[in-house]
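Student: here's my sequence, what's the structure:
(chains A and B)
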Amino acid sequence: MELLDLSAVELGTAIREGKTTAVEAMEAVLAQIEQKESLYHCYVRVDREGALDRARAVQKKIDEKELSGPLAGVPVAVKDNLCTQGMATTCASRMLENFVPAYSAEAVRRLESAGAVLIGKTNMDEFAMGSTTETSAYGVTRNPRDPQYVPGGSSGGSAAAVAAKECFFALGSDTGGSIRQPASFCGVVGMKPTYGTVSRYGLVAYASSLDQIGPLCKTVEDCAVILEAIASHDEKDSTSLQRTDTDFTAGLVQDVEGMRIGIPRDYFGEGLDGEVREAVLKAAGVLKDRGAVLEEFDLSLVDYAIPTYYTIAAAEASSNLERFDGIKYGYRAQAQELHQMYKTTRSQGFGPEVKRRIMLGSFVLSSGYYDAYYLKALKVKAMIKGAFDRAFEKYDCILGPAAPATAPRLGESLADPLKMYLGDIYTVSANLAGLPGICIPCGTDSRGLPIGLQLLGDCFQEKKLIRAAYTYEQSCRE
Amino acid sequence: MADKITDETIEYVGILAKLELAGEEKEQAKKEMGRMLDYIDQLNRLDTSGVEPMSHVFPVQNVFREDVVTNGDGSDAALANAPEEKNGMFVVPKTFA
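Tutor: Just a heads-up that it's a prediction; the model follows:
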């Protein structure tokens, strides 16, 4: 049994059956990190001693039958914008280089109560702003499938850590595709649940109306199990939903007979790479062979998703990031006077992409432009939501690519921000409309880079997505 | 439409955002923001008259709770992250001369 090849659920089973232990699993992961990390740089922080201590403590509880869940003893990596009590949480920014949270994010707390064992914190784009993990203040992460390429972003470290077997699964956050796109680029499974399903308590806010936490993992089964563990109603997050249907593992059924799958023509038009199109349509064919009913349709408004998204996200970011003022935590520049201290602190603490979005957001919210930009974007958001509502009257899920192309080479993206933003075309709508979306691997291009299949569902329909994704994944294994 | 981004605009936005951009950074910001706003301007092709702005996808209302402290006194832990503290308080540079 090669431990590192096991999925999270397989490892959890092996630990419960006494075939291995939480400590052996952690030692295997730490050895892999030791070997691979200098090349890939998935983590900003690995807490070796703490991880082993936690693994021993969890194993003791497993031995004493206090812990018996599917994730008990399984090592997990957490994106560095999720607060971890006593462990620095930097958002890959100089601004928070010394910040040690006094509490853990609710999603992290829930995983730890389920017995998952924290390894460390993964690299990301600074404050989750970016699509390549190159805006991190602590260096780039490389794509484990080919280190000349980016892992995607902003949860690039989490996706890469799963792909490099430097963890058994990871948490990420998705504001405009930041779980699904790196999952696509690294060839792993990633899911953004319906807005409000996972508490955002302890997630450092980027754009609060769009942010959701979700899993990055090896299999659809892992995805369902992890999501089931982290989903909760939480009074500490006022947008948290009261759901009674979070038994996501019930969706692990190999059956898409009669499932109506819509394929938006507007997702397969100009700008989509030929090899990506071919792989995604081939995957659609697999589902059709299993009994799904495929139909092409016009989703409409697709071109408006990115300008709408960047307006709203930048506006919320400019407001959310006002808290970084050098007073209560984080970096502080020396200055004689208070306002000068604010300005110098923020100018030195934030990187270029973060400043770009704060500036844009401050502009679209400023008096005189608020109606023309911010309010306009909120109206278009309503129209986009309406387009999805109409689509889901006809379809159980919508199938398409997660990104227009496979991973770009390192160093190619940041010079042209607008071009980089356009790469988010297939993912941002799910955030605007609050929809769940899953990305699963569906082949590779001629360079060997992974291609991701994205399935979008109506709000609360994660189980349909899991059912379709699971059926596809299992069909490919037969 | 990018011509609306003048030096004065960048200066003003810098004040709102509490960011101080150096000379070259300012030029770059002017160019990039202008380009981004030109791109965003395509939203004007859509007729949104009669459309209600949507800030939340679900009809969530204000969520209230009783005003009771449940998380205890975390002041020491909170102050531990302060760049500068004194006698249980955050220290800031002088606020007026």
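
Student: which bits of the stretch 151-300 of chain A sit near chain B?
Tutor: Within the stretch 151-300 of chain A, the residues that sit near chain B (Cβ under 8 Å from any Cβ of the partner chain) are A:195-196, A:209, A:235, A:238-239, A:241. Glycine gets a C-beta too; all of them are placed from N, C-alpha and C.

Student: give me the buried entries from these.
Tutor: Neighbour-count burial (16 or more other Cβ atoms under 10 Å in any protein chain shown) is assigned, among these, to A:195-196, A:209, A:239, A:241.

Student: rewinding a little: in a markdown table, list the residues of the stretch 151-300 of chain A next to chain B along with secondary structure and pLDDT.
Tutor: Shown next, in a markdown table, are these (DSSP: H, G, I helix; E, B strand; the rest coil; pLDDT from 0 to 100):
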| residue | secondary structure | pLDDT |
| --- | --- | --- |
| A:Tyr195 | coil | 98 |
| A:Gly196 | coil | 97 |
| A:Ser209 | coil | 96 |
| A:Glu235 | coil | 92 |
| A:Ser238 | coil | 92 |
| A:Thr239 | coil | 94 |
| A:Leu241 | coil | 95 |
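
Student: and the furthest pair within those?
Tutor: The span of those, defined through Cβ to Cβ, is set by A:Ser209 and A:Glu235 at 19.0 Å.

Student: excluding its backbone neighbours, what's nearest the spatially most central residue of chain B?
Tutor: Centroid-nearest residue in chain B, with Cα atoms, centre = their mean: B:Ala17, separated by 6.3 Å. Using Cβ to Cβ, 6 or more residues apart in numbering or on different chains and skipping the chain neighbours, the partner closest in space to B:Ala17 is A:Ser362 (4.2 Å).

Student: from A:Ser318, how far out is the one you found?
Tutor: A:Ser362 sits 5 Å away from A:Ser318, going by Cβ to Cβ, to the nearest Å.

Student: common neighbours of the two, please.
Tutor: Listed as contacting both A:Ser362 and A:Ser318 by Cβ atoms under 8 Å, 6 or more residues apart in numbering or on different chains are B:16-17.

Student: mind listing the helices for the stretch 101-250 of chain A?
Tutor: A:106-113, A:156-163, A:180-186, A:220-230 (DSSP state H, counting those that start in this stretch).

Student: could you give the mean pLDDT of the second one?
Tutor: Taken as a whole, helix A:156-163 has an average pLDDT of 98.

Student: element containing residue 26?
Tutor: This is for chain A. Using DSSP states H and E, A:Met26 maps to helix A:22-40.

Student: that's the wrong chain, I wanted chain B
Tutor: Element membership of B:Lys26, judged by DSSP H and E, is helix B:23-40.

Student: downstream of that helix, the next helix or strand is which one?
Tutor: helix B:75-79.

Student: what are the contacting residues of that next one?
Tutor: With contact meaning Cβ under 8 Å, 6+ apart, helix B:75-79 is reached by A:102, A:328, B:85, B:88, B:90.

Student: turn these into JSON lines, columns for secondary structure.
Tutor: Formatted as JSON lines, the contacts of helix B:75-79 follow (DSSP: H, G, I helix; E, B strand; the rest coil):
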{"residue": "A:Ala102", "secondary structure": "coil"}
{"residue": "A:Lys328", "secondary structure": "coil"}
{"residue": "B:Glu85", "secondary structure": "strand"}
{"residue": "B:Gly88", "secondary structure": "coil"}
{"residue": "B:Phe90", "secondary structure": "strand"}
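
Student: and those residues, which is closest to A:Gly400?
Tutor: Nearest to A:Gly400 among the contacts of helix B:75-79, counting by Cβ to Cβ, is A:Ala102 at 42.0 Å.

Student: from chain B, how far out is that closest one?
Tutor: Distance from A:Ala102 to chain B, counting by Cβ to the nearest Cβ, to the nearest Å: 4 Å.

Student: what's the answer for A:Ala433, then?
Tutor: Taken as Cβ to the nearest Cβ, the span from A:Ala433 to chain B is 6 Å.

Student: what sits against that residue?
Tutor: Going by Cβ under 8 Å, 6+ apart, A:Ala433 touches A:381, A:384-385, A:388, A:459, B:57.

Student: and these, which of them are in helices?
Tutor: Members of the contacts of A:Ala433 lying in helices (criterion: DSSP state H): A:381, A:384-385, A:388.

Student: related to what we said a few turns ago, neighbour-wise, which one of the contacts of A:Ala433 leads?
Tutor: Comparing the contacts of A:Ala433 on neighbour count, A:Lys381 comes out first with 28 neighbours (neighbours: other Cβ atoms under 10 Å in any protein chain shown).

Student: that one is in contact with B:His56, isn't it?
Tutor: No: counting by Cβ atoms under 8 Å, A:Lys381 sits too far from B:His56 to count as a contact (9.9 Å).

Student: pLDDT score assigned to the residue nearest to B:Ala17?
Tutor: Residue-level confidence at A:Ser362 comes out at 97, pLDDT.

Student: check contacts around it.
Tutor: A:Ser362 makes contact with A:318, B:13, B:16-17 under the criterion Cβ under 8 Å, 6+ apart.

Student: the residues you listed in helices, which ones?
Tutor: Using DSSP H, these in helices are A:318, B:13, B:16-17.

Student: what about the chain, any weak spots by pLDDT?
Tutor: Just going to use chain A. For chain A, applying pLDDT under 70 flags the ranges A:1.

Student: can you look at chain B instead?
Tutor: Applying pLDDT under 70 to chain B picks out residues B:1-3, B:97.

Student: what comes up buried for the helix or strand containing A:Arg357?
Tutor: Assigned by DSSP H and E, A:Arg357 falls within helix A:352-364. Using 16+ other Cβ under 10 Å as the test for burial, helix A:352-364 gives A:353-364.

Student: same question, stretch A:243-263
Tutor: For stretch A:243-263, the neighbour count (16+ other Cβ under 10 Å) marks A:243, A:246, A:248-249, A:251-252, A:256, A:259, A:261-263 as buried.

Student: and A:Thr197, how many neighbours?
Tutor: Neighbour count for A:Thr197, taken as other Cβ under 10 Å: 26.

Student: correction: A:Phe185
Tutor: 33.

Student: distance check, it against chain B.
Tutor: For A:Phe185, the distance to chain B equals 24 Å [Cβ to the nearest Cβ].

Student: surely that residue touches A:Tyr149?
Tutor: Yes: shown here, A:Phe185 and A:Tyr149 form a contact pair, counting by Cβ under 8 Å, at 7.4 Å.

Student: between those two, what contacts are shared?
Tutor: A:143, A:406-407, A:449.

Student: what about chain B: which of the residues you listed touch it?
Tutor: For chain B, no contacts are drawn from the shared contacts of A:Phe185 and A:Tyr149 by Cβ under 8 Å from any Cβ.

Student: in chain B, what residue sits furthest out from the centroid?
Tutor: Residue farthest from the centre of chain B, counting by Cα atoms, centre = their mean, is B:Asn87 at 30.6 Å.

Student: excluding chain neighbours, what is closest to A:Asp5?
Tutor: A:Lys165 (7.4 Å).

Student: let me see the contact set for that neighbour.
Tutor: By Cβ under 8 Å, 6+ apart, the contact list for A:Lys165 reads A:4-5, A:29, A:32, A:36.

Student: how close does A:Ile440 sit to A:Glu221?
Tutor: Distance, A:Ile440 to A:Glu221, by Cβ to Cβ: 12 Å.

Student: higher neighbour count, these two?
Tutor: A direct count of neighbours by other Cβ under 10 Å for A:Ile440 and A:Glu221 places A:Ile440 higher, at 28 against 22.

Student: the more buried one contacts A:Glu473, correct?
Tutor: Yes: between A:Ile440 and A:Glu473 there is a contact under Cβ under 8 Å: 6.1 Å.
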